[in-house]
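Trainee: Generate coordinates for the sequence data below:
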Amino acid sequence: MAPDRRIDRRSDRGLVTLEPALPQRLGLSPREKAAVIVRYLLIDGTVLPLASLPEHMQAALTEQMGQMRLINRATLDEVVTEFLTELEAVGLSFPGGIEGALRMMDGHISPSAASRLRRMASASSKVDPWERIMVLPVDRLLPILADEAVEVGAVMLSKLPVTKAAELLGRLPGDRARRVAYAVSMTGQVDPETVRRIGVALLAELDNQPPRAFDTGPVERVGAILNVSPALTRDDVLLGLEAEDAGFAAEVRRAIFTFVHIPARLAPRDAPKIIRLVEQPVLVTAFAFATGKPGIEDAAEFLLSNISQRLAQGLREEMAERGKIKDKDGEEAMSAILNAIRTLEAGGEIVLRQDEEE
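Mentor: Model prediction:
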C-alpha cells in the first residue's frame, strides 16, 4: 500500500478515514533538536530571548527551522523529554560570552586584564560590538560623538537606545548637534556590515583609553570633600577656585550639598526619615547652633516644620535650654544630619531635587 494513500472503510461507527502515519524520525542532530524545542515553545506562546544569541547562531537556528517539515508526536515527546532531563541535570551555569564573564569577574581581575580581554573579544567577527557600546555610560560616549566624523556619530546615535541618544544629543554644542542629527537622515542605505565595522572601530578606540584611577570626576570629588569641610574652609576654597577657574568653581558649587541646601533639595515628606536616623541630642545641638544664623536657620526650621508637631515642640524646648554651642560641635551635628540624608539617598529611599541653578 502506498504510504500517501487515504483509505475509507466502513465500521460500526460509520465511515472512517485512515491517514498514513508520519514516518518516525530517528537520530536528530543537536541543531535539529534545538529547532524542535524552539518551535514547540513558540507554539505555546513563550517569549524567547533569541536576539541575545550571537547573530550566526540566530541565523543557523532559523535556517534549520526552514529546512524541517513534520515531526511525529513520538519524536517530539522524545526530544522534549531529553531536553527536560538535561535541563534538570544542570548544576552550574556560566554567563556565556566574554562580556558576561567580565561582569562576573568585575572586582576580581585587574582593569588592564579586563581591557585586554575586551580588545580580544572585539576583534572577533562573531561578537556584536554594539552590545557593549549601548550599555556604556553617556560620559564615555560623549567624547566619541563630539570628535568623530558626523557620519560616524549619526550611526552611533541610530544604534543607541532613544533615551540615551537624546541625552547625548542634548549635551552637544548646538551646531554639532544639528549636523549629527542631519547626518542621521543619510544613514538609510548603510549596510549592516559597515555598521558592524564602525562599531568595532569605536569599541577599539574606547578600549584603548587608559583606565581611570578614580571612579568619579574631579568636580564630584572636590564637592564631596567640601561637603564635609567646615563652612569657613569651604567658602575660602570656593573663593580660591573662582579666582583660578570660574567655570570649574561653578560646577563644584552645583555639586555641593550642605545644610543650607536642605530646603531647596529635600522633599518635605522625607524630613521624618532624616530625623529618625539622627539621635535627638545631635538634632538639638544642630538646630540650636543654627538659631539666628542666616541660611542654616531656615534649614533647621524646614526640618522642624515637616515632622510631627509633638516631636518638634519637644526639640524646641530642649533647644531653648541649651547654652552657647561651640562652632566645632555645631558643625559636627549638622554633618551628622547631612550624612543621614546621603545615606538615604545612596540607598534609594529618598531622591534629592536638582538645584534650580542647574
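Trainee: CA atoms for contacts and neighbours, from now on please.
Mentor: Noted.
Trainee: any idea where the helices of the stretch 1-150 of the chain begin and end?
Mentor: According to DSSP state H, counting those that start in this stretch, the stretch 1-150 of the chain carries its helices in the segments 30-43, 55-67, 73-88, 98-105, 111-122, 129-133, 138-147, 150-159.
Trainee: Mean pLDDT lowest where, among these?
Mentor: By mean pLDDT, the lowest-scoring of the helices of the stretch 1-150 of the chain turns out to be helix 111-122, with a mean of 72.
Trainee: Can you list phi and psi of S93 for me?
Mentor: phi -120, psi 150 (degrees, to the nearest 10).
Trainee: And the helices in the stretch 201-350 of the chain?
Mentor: 218-227, 231-244, 246-255, 262-265, 271-277, 280-290, 296-305, 309-321, 327-346.
Trainee: winner for burial among those?
Mentor: helix 280-290 (a mean of 21; mean count of other Cα atoms under 10 Å).
Trainee: Which neighbouring elements make contact with that helix?
Mentor: helix 296-305, helix 309-321, helix 327-346 (3 or more Cα pairs under 8 Å, 6 or more residues apart in numbering; DSSP states H and E).
Trainee: Now tabulate those helices in a markdown table and tack on distance to R353 and mean pLDDT.
Mentor: Shown next, in a markdown table, are those (distance: least, Cα to Cα, whole Å; pLDDT from 0 to 100):
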| stretch | distance to R353 | mean pLDDT |
| --- | --- | --- |
| helix 296-305 | 15 | 94 |
| helix 309-321 | 24 | 93 |
| helix 327-346 | 11 | 90 |
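Trainee: need these in CSV with distance to A146, can you?
Mentor: Converted to CSV, these look like this (distance: least, Cα to Cα, whole Å):
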stretch, distance to A146
helix 296-305, 41
helix 309-321, 53
helix 327-346, 31
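Trainee: closest to M120 out of those helices?
Mentor: For the helices and strands packed on helix 280-290, proximity to M120 was assessed by Cα to Cα; helix 327-346 is nearest, at 35.6 Å.
Trainee: picking that back up, looking at the helices of the stretch 1-150 of the chain, which is nearest to R171?
Mentor: Here helix 138-147 is closest among the helices of the stretch 1-150 of the chain (Cα to Cα), at 7.9 Å.
Trainee: Flag every buried residue along that closest one.
Mentor: When burial is assessed from 16 or more other Cα atoms under 10 Å, helix 138-147 yields the following buried residues: L141, L142, I144, L145, A146.
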